[in-house]
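1. mind looking at a prediction? Sequence and model below.
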Amino acid sequence: MTLLDASGLRRVYGDSCGDCVELTGDDAGTNQCPECGAVVACADVSLDVEPGKVLGVVGESGSGKSSVAELLALERAADGQASGDVRLDGHDGNLLDADYETRHRLRNGAVGLVHQHVRDGLNLSFTGGGNVAEKLLAAGWRNYGDVRDRVRDLFEETEVPVERMDDPTETYSGGMQRRVQIARALATDPDVVILDEPTTGLDVSVQARVLDMFRRIQREQDVAAVVVSHDLGVVRLLADRTLVMRHGRVVETGLTDRVMEDPHHEYTQTLINSVI
Ligand SMILES: Nc1ncnc2c1ncn2[C@@H]1O[C@H](COP(=O)(O)OP(=O)(O)OP(=O)(O)O)[C@@H](O)[C@H]1O
């Protein structure tokens with residue numbers, strides 16, 4: 001059974017001459033169109049995620065991972081620069097064609113997103129608790145006591161000190177801010193969470209604790225996830241299946257163990273050799 005099914009994802013930055021997709025990609029060795037200079041951040045990207053499973057998306061900086069994450073998280077609709085098909089079990093039609101209200105409702109319910117940059121995901125001048133509560137209010141929660149109890153539970157779940165709930169988020173450590181982002185993404189019991197570089201800016205020991213925490217919750221709650229990272233270690237730890245991107249295209253996909261132990265594409269081999 002498929003929970004999240006995406007196909008033909010494409011995102012172009014700049015005015016496309018119309019031939020950009022043909023003139024870019026792994027074979028061309030670039031994501032920038034030699035004719036018009038537009039950047040094809042991703043094209044022909046297809047993927048699916050089963051309920052409760054984790055898909056890793058790995059590739060070097062600029063390979064198009066965040067652009068894919070943005071489309072999967074319904075942060076934008078299809079338009080002249082973005083296209084493709086994103087379907088979520090239980091919801092009708094291509095969600096990239098859905099109206100703003102539908103995408104907004106899904107982003108506050110069935111789909112959670114942890115942004116690459118904390119500032120995009122949290123209002124740092126709000127309290128940590130306020131950042132999580134905001135998501136619940138947007139999802140229609142109204143009772144103050146219920147919201148407060150839920151925020152408290154989420155803080156405990158994501159291992160943020162509950163006594164810091166009413167402090168401004170800007171006074172939290174980087175690891176705590178990341179945990180609050182995860183708490184916020186999980187607040188409405190989503191079917192799928194998209195994590196874009198969940199360990200960016202954290203030192204190694206904090207990275208490990210945040211990843212262990214997410215892995216525990218992901219398994220306990222059986223929530224599906226797409227984990228985007230340039231770091232093979234992150235994907236190896238969390239993902240059941242892995243998709244490798246380069247120059248905006250998928251160059252390899254398979255079970256994570258297989259991709260790591262028997263990489264077929266030359267680029268995947270280079271990526272793996274570079275961290276061994
Ligand atoms: N707003 C933008 N305007 C122009 N080009 C952009 C913009 N955002 C991203 N790009 C380009 O699109 C390509 C893909 O970027 P994207 O952020 O999706 O890659 P990424 O793999 O997530 O990289 P990173 O991890 O460094 O963010 C890159 O070449 C990037 O320079």
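-> Structure's in. What do you need?
2. for Ser125, see how far away Glu170 is.
-> 6 Å (C-beta to C-beta, to the nearest Å). C-beta coordinates here come from the backbone N, C-alpha and C atoms, glycine included.
3. which one's more surrounded, these two?
-> Glu170 (14 against 9; other C-beta atoms under 10 Å).
4. which residues touch the nearest residue to the more buried one once chain neighbours are set aside?
-> The shortest distance from Glu170 to any non-neighbouring residue, by C-beta to C-beta, 6 or more residues apart in numbering, is to Leu124 (4.1 Å). When contacts are counted by C-beta atoms under 8 Å, 6 or more residues apart in numbering, Leu124 touches 118, 168-170, 177.
5. for Leu124, which three-state class applies?
-> Classification of Leu124 by DSSP: H, G, I helix; E, B strand; the rest coil places it in coil.
6. buried ones in the helix or strand where Phe214 lies?
-> Here Phe214, judged by DSSP states H and E, is contained in helix 204-221. Using 16 or more other C-beta atoms under 10 Å as the test for burial, helix 204-221 gives 206-207, 210-211, 213-214, 217-218.
7. does Gly254 fall in a helix, a strand, or a coil region?
-> strand.
8. how many residues are close by it?
-> As a measure of burial, Gly254 has 16 neighbours, counting by other C-beta under 10 Å.
9. ok so, going back, a markdown table for the buried residues of helix 204-221, including distance to Glu70 and pLDDT?
-> Below are the buried residues of helix 204-221 laid out as a markdown table (distance: C-beta to C-beta, whole Å; pLDDT from 0 to 100):
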| residue | distance to Glu70 | pLDDT |
| --- | --- | --- |
| Val206 | 25 | 88 |
| Gln207 | 23 | 90 |
| Val210 | 22 | 91 |
| Leu211 | 22 | 94 |
| Met213 | 24 | 91 |
| Phe214 | 20 | 93 |
| Ile217 | 23 | 94 |
| Gln218 | 21 | 95 |
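10. closest one of those to the ligand?
-> Proximity of these to the ligand was ranked by C-beta to the nearest ligand atom; the top entry is Gln207 with 15.5 Å.
11. residue boundaries of the helices in the chain?
-> Ranges of helices in the chain, per DSSP state H, are 20-23, 65-72, 100-107, 118-121, 128-138, 144-157, 174-186, 204-221, 232-238, 256-261, 266-275.
12. okay if I get the ones you listed as JSON lines plus distance to the ligand?
-> Converted to JSON lines, the helices of the chain look like this (distance: least, C-beta to the nearest ligand atom, whole Å):
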{"stretch": "helix 20-23", "distance to the ligand": "12"}
{"stretch": "helix 65-72", "distance to the ligand": "3"}
{"stretch": "helix 100-107", "distance to the ligand": "19"}
{"stretch": "helix 118-121", "distance to the ligand": "12"}
{"stretch": "helix 128-138", "distance to the ligand": "23"}
{"stretch": "helix 144-157", "distance to the ligand": "27"}
{"stretch": "helix 174-186", "distance to the ligand": "16"}
{"stretch": "helix 204-221", "distance to the ligand": "15"}
{"stretch": "helix 232-238", "distance to the ligand": "12"}
{"stretch": "helix 256-261", "distance to the ligand": "17"}
{"stretch": "helix 266-275", "distance to the ligand": "13"}
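13. just give me the lowest mean pLDDT stretch among those helices.
-> Here the lowest mean pLDDT among the helices of the chain goes to helix 266-275, at a mean of 88.
14. quick check: residues of the stretch 1-150 of the chain near the ligand?
-> 13, 31, 39, 41, 59, 61-67 (C-beta under 6 Å from any ligand atom).
15. would you show me how to pick out the buried ones of those in PyMOL?
-> Filtering those down to the buried ones (16+ other C-beta under 10 Å) takes a single PyMOL command:
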select buried, resi 31+39+41+59+62+63+64+65+66+67
